[in-house]
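Novice: turn this into a structure:
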Amino acid sequence: MKSYSHRLLSCFVLLVSLRLAAQKPTWSKDIAPIITARCAVCHHKGTSAPFNLLTYEDAARRASFIKRVVQEGYMPPWKADPHYVSFANERILTPQEKKMIVDWVDAGIPQGEKTATPAAPVIEGTRLGRKPDLVIALKKPFLVKGDNQERFVVFCLPYELPEERNVAAIEFSADNYKLIHHVNFGFHATFPGAGRLDLPEYVDLLNDPGKYANYNMLSERLVYYSGWIPGATYESYPGNMGWVLPKRGMVLLYMHYAPSPVDREISGEVHIFFKEQPIERMISVVNIGTGGKGDIDPPLVIPPDSIMTVKARIVTRQDQSILFAWPHMHLLGKSMKAYAVTPAKDTVRLIYIPQWDFNWQDIYQYPHLVKIPAGSVITVEATYDNTKDNPRNPFSPPRTITSDQNLVMKTTDEMLNLLLIYLPYQQGDESVVLSTP
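Specialist: Next up, the predicted model:
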């Protein structure tokens, strides 16, 4: 009888153990899909992340670190308040996903069946999951002098294609993002018979600003304008939306380099992804704030030892459908909120970032087209912290900070910008779901 009871107890313990083991999350079944969807887009070679998170070995090597930053909410980085507006490209872990990762680490990081592990959909040097169709790159790496000075350099990069192409997405890539404050790039058309474009390969705006005037001849041929800011991923256009890249043109690549204590070479390139579907709806970009549309009230002059809120407003002249919001401030930024008030007095929420972080900016994609009726007032509210309690304040003691509206806006200056990428509105746009190509 005793022997029978002992065997019965042993079987019970074995069943419980097997059940508990089956309940433990594994990399292949539970964790890899989360890491692939939320982390791998940045954590792979050729991006700004400091290490890869593509394989079990990558994650296992840093399991305790991953657990800690997930519990603290530091990673994955996402600064827009999802309760104010939800975005399609959110990198937010649900409470269940966070618990799954913590339980996986606490269980000893079990790998599970290798054959069940999903492949990470990333390609080296790009965040879009496939190779770019066209790469427009610097001819050679640019030497950033190690003198702790910011630099503002505009590169002129010509290209030529067999025919014009429809653009599905664009992104910027570099081999050292830490040395870049931001990048702007404009696509300009050129054509035979337009006269010789005798443009320098690049212009250093601090040391030889006069040469930039040579680029002004391209301003009337601007086709599209975009850029990169710290933390940003890519810009994409679904379905029949987008813009057309001319078969022959120039890319003006405006590089704002951060200070460096040692000489460093840095490369940079623009990735363009094509699609065969015809472009029937052309997108446009409006810049609200510094150097763009709308007055800033009060003027962006931030006294020392102050926390100050300013507003920029514009009135829409046509019914619009918005795809993306792209906010931007510098080191004194504390929070930003944007919304539109329609002629019917309805409020359309656009974005709210309660804790601005210069190191984690992004291009925010709406899950569906957002209608802004003609006559709506779009307001951008930005709050700045110019006190000693702001750990990112570049000056101690604080000093007056302004927005110097010229081509060499330094990091220690301030900005208030909201770029909106939009289309002219069409009936039914509110139900159009946006997705990546």
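Novice: low-confidence ranges in the stretch 51-200 of the chain?
Specialist: 116, 119-123, 191-198 (pLDDT under 70).
Novice: all helices of it, in order?
Specialist: 56-61, 63-72, 95-106 (DSSP state H, counting those that start in this stretch).
Novice: and the angle from the longest one to helix 63-72?
Specialist: Angle, helix 95-106 to helix 63-72, by axes from the mean of the first three to the mean of the last three C-alpha atoms, to 10 degrees: 150 degrees.
Novice: list the buried ones in helix 95-106?
Specialist: 97, 100-102, 104-105 (16 or more other C-beta atoms under 10 Å). Placement of C-beta: from N, CA and C, glycine included.
Novice: so which other helices or strands are in contact with it?
Specialist: Helices and strands touching helix 95-106, by 3 or more C-beta pairs under 8 Å, 6 or more residues apart in numbering; DSSP states H and E, are helix 32-38, helix 63-72.
Novice: please identify the most buried of those helices.
Specialist: Highest mean neighbour count of the helices and strands packed on helix 95-106: helix 32-38, a mean of 20 (counted as mean count of other C-beta atoms under 10 Å).
Novice: can you give me how far it is from the chain middle?
Specialist: Here helix 32-38 is found 19 Å from its chain centre; the criterion is C-alpha atoms, centre = their mean, to the nearest Å.
Novice: which residues sit against it?
Specialist: By C-beta atoms under 8 Å, 6 or more residues apart in numbering, the residues outside helix 32-38 that reach it are 53, 56, 59, 76, 91-93, 97, 100-101, 117-118, 120-121.
Novice: most neighbours among those, which one?
Specialist: Neighbour counts for those, by other C-beta atoms under 10 Å, peak at residue 59, which reaches 25 neighbours.
Novice: surely that residue meets residue 30?
Specialist: No - here residue 59 lies out of contact with residue 30, judged by C-beta atoms under 8 Å, at a distance of 11.8 Å.
Novice: can you put the buried residues of helix 95-106 in a markdown table and add distance to residue 174?
Specialist: Putting the buried residues of helix 95-106 into a markdown table (distance: C-beta to C-beta, whole Å) gives the following:
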| residue | distance to residue 174 |
| --- | --- |
| 97 | 30 |
| 100 | 34 |
| 101 | 30 |
| 102 | 34 |
| 104 | 33 |
| 105 | 32 |
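Novice: max pairwise distance over those: which two?
Specialist: 97 and 105 (13.2 Å; C-beta to C-beta).
Novice: follow-up on the earlier one: got the helices of the stretch 51-200 of the chain as a markdown table, with distance to residue 286 columns?
Specialist: A markdown table is the format used below for those (distance: least, C-beta to C-beta, whole Å):
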| stretch | distance to residue 286 |
| --- | --- |
| helix 56-61 | 41 |
| helix 63-72 | 36 |
| helix 95-106 | 36 |
